[in-house]
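Enquirer: output the structure for:
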Amino acid sequence: MSDAVTSWDDAFTHVLWRAQNAVHRRVQEALDELGVTATQLGLAVHLDQLGPLSAADLSRGFHIAPQSVGTALNRLEKADWVRRRTHPVHGRVVLYELTTTGLAGVARGRQVMAATNAGVTADLSAAETAQLIELLRKVTVGIDGAQGPMMSAWPVRRG
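Expert: Numbers count the residues shown, from 1 in each chain. Alright, predicted model coming up:
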């Protein structure tokens, strides 16, 4: 029978927490060249994929507190990655969209993250990586429920 320390260290939640912290450190080190956090890059990537979104859209899509999304968007705005604009139909809604600087940052961020993903999973086979991703998605769905892809509640034409 194992002692309490070993049991704690071998528990799924502890092992996942340690792995998440290690990966987070590696990701942030890689993103330092861009001057953004993983959350900020994630928000920018979704703006690139989906077009203009409100802070509320991003908050719901990421399950992040509205205040945290607001802080991240303000920092992206100060870095000239995003700009605000009023929704063309719903004038009280503020949409965020990428600037030219933001588009370039997202492109570089995708490259940095691809290299980081390769480094983080270097000790796993392609099949192990795919299995781990699937298992972690299963855990997430078990906690948060199944969700469709993130979409804007305010459909507007891009550009």
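
Enquirer: residue 84 sits in which helix or strand?
Expert: Using DSSP states H and E, residue 84 sits within strand 82-86.

Enquirer: could you check how far that strand is from the centre of its chain?
Expert: With CA atoms, centre = their mean, to the nearest Å as the basis, strand 82-86 stands 20 Å off its chain's centre.

Enquirer: strands paired with it, and their directions?
Expert: Strand pairing for strand 82-86, using DSSP bridges, gives strand 94-98 (antiparallel).

Enquirer: roughly how far is the strand it pairs with from the heart of the chain?
Expert: Centroid separation for strand 94-98 versus its chain: 17 Å, with CA atoms, centre = their mean.

Enquirer: contact partners of that strand?
Expert: The contact list for strand 94-98 (CB atoms under 8 Å, 6 or more residues apart in numbering) reads 44, 47-48, 51-55, 58, 73, 76-77, 81-87, 106, 154, 156. Where you see a C-beta, it was placed from the backbone N, CA and C, and this is true even at glycine.

Enquirer: please convert the buried members of those into PyMOL selection syntax.
Expert: Buried residues within those, by 16 or more other CB atoms under 10 Å, are selected in PyMOL with:
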select buried, resi 44+47+48+51+52+53+54+55+58+73+76+81+82+106+154+156
